[in-house]
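K.L.:
Just need the structure, nothing else, for what follows:
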Amino acid sequence: MSKQSKRFQAATAAYDRQKRYGLDEAIAIVKNFAAKSDETVEVAINLGINPKHADQMVRGAVVLPNGTGKVNRVLVFAKGDKEREAMDAGADYAGGDELIEKIKEGWFEFDTCIATPNMMVTVGKIGKLLGPRGLMPNPKVGTVTMDVGAAVKAAKAGKIEFRAEKAGIIHAGVGKKSFEVGALSENVHALMDALVKLKPATAKGTYVRAVTVSTTHSPGVRVDAVAVAATAAASH
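P.N.:
This is a model prediction of the structure:
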């Protein structure tokens, strides 16, 4: 038996897999799972939606109040004053055609892509390269904008994008295992608040059906979805 599977078995024995825990308690359990690296803490949220219907797709972005714990390398497609604005705001790379050519040659040393609207025709030429990597700028998540300075600062501060998968599940990294429980909990609540705001008018029945937290290589711990959803709803 591999070390990883032994750790996994030990982890699953440390809690009740059928119980739905309070958010803080679930996060504390996940943080106690044995692992050598500072793994990402992830949350999976099962929504009562059918993403096959365009009016029930849930997609957006949110700035996590305590950041992600990762260095976010930001690239901005912009020219002139907007290129300078991007660099002044902390972008790692900014420019136009020269960056397009580098990407065509296989360069992807960045994590977030932002573009001014007038650059999107040019950026569209490499859409097949950016899209599969989740890097294509999109106005729905604020990465196609004239306010590139604010977009860069948000990305550097811990902005994450999320999108419901075919089964209506949102997956998102909400920080690192080394974060305090409270910091991770605040990040999850920020994500939940964003999801509640985006609830489709056509979604019927229970909106937040299930919530699970885990680390990159750990089993998932079920969270009391009703309580988490109620907290998010109460903040609006």
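K.L.:
For the rest of this, base every contact and every neighbour count on C-alpha atoms.
P.N.:
Fine.
K.L.:
Quick check: next helix or strand after the helix of greatest length in the chain?
P.N.:
Looking only at the chain and at elements set by DSSP state H, the helix with the highest residue count is helix 181-197. Downstream of helix 181-197, the next assigned helix or strand under DSSP states H and E is strand 208-215.
K.L.:
which other residues reach that next one?
P.N.:
Residues outside strand 208-215 that contact it (Cα atoms under 8 Å, 6 or more residues apart in numbering): 26-27, 30, 39-48, 177, 220-226, 229.
K.L.:
Listing partners with orientation, what would you give for that strand?
P.N.:
strand 40-47 (antiparallel), strand 221-223 (antiparallel) (DSSP bridges).
K.L.:
which one of those lies closest to residue 105?
P.N.:
Checking these against residue 105 by Cα to Cα gives strand 40-47 as the closest, at 30.3 Å.
K.L.:
which other helices and strands contact the next helix or strand after the closest one?
P.N.:
Counting by DSSP H and E, the next helix or strand C-terminal to strand 40-47 is strand 59-63. Counting contacts by 3 or more Cα pairs under 8 Å, 6 or more residues apart in numbering; DSSP states H and E, strand 59-63 packs against helix 148-157, strand 159-163, helix 181-197.
K.L.:
tell me the angle of strand 59-63 relative to helix 181-197?
P.N.:
150 degrees (axes from the mean of the first three to the mean of the last three Cα atoms, to 10 degrees).
K.L.:
distance between strand 59-63 and the chain's centre?
P.N.:
Offset of strand 59-63 from its chain centre (Cα atoms, centre = their mean, to the nearest Å): 7 Å.
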